[in-house]
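Undergrad: Structure for this input, please:
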Amino acid sequence: MPDVAMQGADGAVIRAGDFAGRKAVLFFYPKDDTPGCTTENLDFTALASDFAAAGVALLGISKDPPATHAKFTAKHGLTVPLASDPAEDGLADALGIWVEKHMYGRTYLGMERTTYLLDAAGRIAQVWRKVKVKGHAAEVLEAARAL
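TA: All right, here's what the predicted structure looks like:
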């Protein structure tokens, strides 16, 4: 996993390497405070204590700025930390999940909803691409427990 510097909602620097020595789930989502992204973040928040009990750190990542993450977290009572991936040459770019999308005849770059499960050595153990939100957090928890 590339060790790209990102910013937390509080402005602190966060890197994938910060989770070395423990399992981690990095879930990438398109945009704060949109229906699917809100549901996904709420689902991971609801299971956060189960992930912690399994020794798994959680981190939600989008290209939204730290201030937007802070507002999103406060509005929905999220407990999972969020990170802002840099606008260019970020982790999503390195992983190939900042992709061309199409909607309503318009083409734009956006985040492909993707989740990575990292083992304690920081290696990618499992990847979920083009995630469907319903039931996803529970599926990731089961995979993390089995790792």
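Undergrad: any idea which helix or strand comes after the helix or strand encompassing residue 7?
TA: Residue 7 is located in strand 6-8, with elements delineated by DSSP states H and E. Sequence order places strand 13-14 as the next helix or strand after strand 6-8, per DSSP H and E.
Undergrad: any idea which helix or strand carries the residue nearest the centre of the chain?
TA: Among the residues of the chain, the one closest to the centroid is residue 27, at 2.4 Å (Cα atoms, centre = their mean). Assigned by DSSP H and E, residue 27 belongs to strand 23-28.
Undergrad: just the strands in this structure please.
TA: Secondary structure of the chain by DSSP state E: the strands cover 6-8, 13-14, 23-28, 56-62, 82-84, 98-103, 106-111, 114-118, 124-128.
Undergrad: who wins for proximity to residue 71 among those?
TA: Proximity to residue 71 (Cβ to Cβ) singles out strand 82-84 among those, at 10.6 Å. C-beta here means a position set from N, CA and C on the backbone, and glycine is covered the same way.
Undergrad: packing partners for the closest one?
TA: Counting contacts by 3 or more Cβ pairs under 8 Å, 6 or more residues apart in numbering; DSSP states H and E, strand 82-84 packs against strand 6-8, strand 56-62, helix 66-76.
Undergrad: So which of those is nearest residue 120?
TA: strand 56-62 (9.8 Å).
Undergrad: residues of the strand holding residue 7 that come out buried?
TA: Within strand 6-8, the residues scored as buried using 16 or more other Cβ atoms under 10 Å are 6, 7, 8.
Undergrad: Quick check: beta-bridge partners of the spatially closest residue to the first one that is not a sequence neighbour?
TA: In this case it means residue 6. Once flanking residues are discounted, residue 6 sits nearest to residue 83: 4.0 Å by Cβ to Cβ, 6 or more residues apart in numbering. As for beta bridges, residue 83 partners with residue 8, residue 61 under DSSP bridges.
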